[in-house]
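> Below: sequence and its predicted model.
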Amino acid sequence: MGDATAKDPLIPLLYFVQGVLRTIHEIPSDKTSEALTRKSFSPEATIEINQASMDRTGFGEFMQDYRNKYIFVDFAFHDAVTVPTDDEGRSGTVGVGIKARAVGKVDGVLYEARLHEIFQVEWIPSRGDSGGHRLITKLTGALKDLYPVQDDSLCKSML
């Protein structure tokens with residue numbers, strides 16, 4: 001996701017961030033989610049969620065903890081702001097509000113979380129051509145942890 005050669009069109013910066021977020025949460029395979037995290041986040045990325053600092057490995061563990069407890073079923077993005085740092089829109093800052101819904105794997109209850117995140121995305125040029133790829137180098141987030149949705153009857157009827 002996000003790799004481009006000189007001839008490939010580049011998806012907008014916001015769509016890159018949304019695609020990474022959606023995929024690392026919703027894809028059924030834990031290994032694929034972990035691989036995408038390694039591919040999309042710089043090894044030196046700084047990540048802070050609710051003032052808890054972590055590196056890329058810590059973020060992977062943080063995500064895996066949620067993936068072990070919940071099945072993510074819906075993401076709604078809102079109030080997005082993108083500020084490119086180059087004329088092509090390859091890198092920059094993305095801020096986005098997110099409402100996520102998930103079903104508890106043990107209790108079958110529908111949960112919701114709200115968060116706001118700001119991403120710094122850098123363009124890493126390829127050697128030998130004008131292509132390259134994007135890496136998330138910084139993530140700062142405010143997360144209101146998962147809480148039960150009042151009317152989860154639809155969710156329980158699906159189980």
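Great, that's in hand.
> For this protein, which segments count as helices?
Assigned by DSSP state H, the chain shows helices spanning 13-26, 30-40, 56-69, 153-158.
> residues of the third one that come out buried?
Yep, that's helix 56-69 we're talking about. Applying a neighbour-count criterion of 16 or more other CB atoms under 10 Å, the buried positions in helix 56-69 are 56, 59, 60, 63, 66, 67. In this view, the C-beta of every residue, glycine as well, is placed from N, C-alpha and C.
> Can you check which of the helices of the chain gets nearest to residue 117?
Among the helices of the chain, the nearest to residue 117 by CB to CB is helix 13-26 (7.9 Å).
> for the helices of the chain, which one sits closest to residue 77?
helix 13-26 (5.7 Å).
> list the helices and strands that closest one packs on?
helix 30-40, helix 56-69, strand 70-84, strand 92-104, strand 110-125, strand 132-148 (3 or more CB pairs under 8 Å, 6 or more residues apart in numbering; DSSP states H and E).
> Turn those into a markdown table, columns for distance to residue 17 and mean pLDDT.
Formatted as a markdown table, those follow (distance: least, CB to CB, whole Å; pLDDT from 0 to 100):
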| stretch | distance to residue 17 | mean pLDDT |
| --- | --- | --- |
| helix 30-40 | 9 | 92 |
| helix 56-69 | 14 | 92 |
| strand 70-84 | 8 | 93 |
| strand 92-104 | 5 | 96 |
| strand 110-125 | 5 | 96 |
| strand 132-148 | 8 | 95 |
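> I'd like these as JSON lines, with distance to residue 49 appended.
Formatted as JSON lines, the helices and strands packed on helix 13-26 follow (distance: least, CB to CB, whole Å):
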{"stretch": "helix 30-40", "distance to residue 49": "14"}
{"stretch": "helix 56-69", "distance to residue 49": "7"}
{"stretch": "strand 70-84", "distance to residue 49": "16"}
{"stretch": "strand 92-104", "distance to residue 49": "12"}
{"stretch": "strand 110-125", "distance to residue 49": "8"}
{"stretch": "strand 132-148", "distance to residue 49": "4"}
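> All set now, cheers.
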